[in-house]
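Chemist: Test case, fold it:
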Amino acid sequence: MEIPPKSPDESEKSPQSKELMTSNTASTLCISSQSESVWTSASRSKWDIYHKPVIVVSVGAAVFLFGIVITSLSCIQSENKKVYKMCGPAFLSLGLMLLVCGLVWIPIIRKKQKQRQKSQFLQSLKSFFFNR
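Modeler: Next comes the predicted model:
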C-alpha cells in the first residue's frame, strides 16, 4: 500500500501560499467586480459611456498624424532617410488601426445601449403584469 505524501508544515510553506490561504478571494472578487446588471437603471453621462472609444480615436489620430510627419520627413531630409522610411509607415499603420478600432467601437456601444433600454422596458412591463 502506498502512503500518501504528508502535507508540509506551516514553517515549510512558501509566503505566497500563506498569502493565498489567508486572503478572502471570494469577497475580494465580489467587491472588485464592476460588471453591471442589465436591469440597473442608473443613468450614466455620455462621457462615462463613450470615454474609452474617444480616447482610442484621439490617440489613433495623433499617431497617424505623427506617421504622416515622419513619412514626409523622409522626402524632405536627406540624412536618416532610411530610418524615416521605416518608422513612418509603421506609425501610419498603427495610428490607422487605432483610429478604425475606435470608430467601430462607437456604433457597438450605441447598439448595446439600445438593447439595454429595450430590456429595461420589457422588465418594467413584466413586473407590471406579474406583480399584481
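Chemist: which secondary structure elements does the host helix or strand of K111 contact?
Modeler: Using DSSP states H and E, K111 maps to helix 81-130. The contact analysis (3 or more Cβ pairs under 8 Å, 6 or more residues apart in numbering; DSSP states H and E) places helix 81-130 against helix 46-76. For the C-beta atoms, the positions are set from N, CA and C on the backbone; glycine is no exception.
Chemist: elements contacting the helix it packs on?
Modeler: Using 3+ Cβ pairs under 8 Å, 6+ apart, helix 46-76 is in contact with helix 81-130.
Chemist: Show the average pLDDT along the helix it packs on.
Modeler: Averaged across helix 81-130, pLDDT comes to 90.
Chemist: circling back: between the helix holding K111 and helix 46-76, how many degrees?
Modeler: 160 degrees (axes from the mean of the first three to the mean of the last three Cα atoms, to 10 degrees).
Chemist: Can you classify S43 by secondary structure?
Modeler: At S43 the chain is in coil, as set by DSSP: H, G, I helix; E, B strand; the rest coil.
Chemist: contacting residues for it?
Modeler: With contacts defined as Cβ atoms under 8 Å, 6 or more residues apart in numbering, S43 has no neighbours.
Chemist: Which pLDDT value goes with it?
Modeler: So S43 comes in at 75 (pLDDT).
Chemist: How much space separates it from I49?
Modeler: Separation of S43 from I49 (Cβ to Cβ, to the nearest Å): 10 Å.
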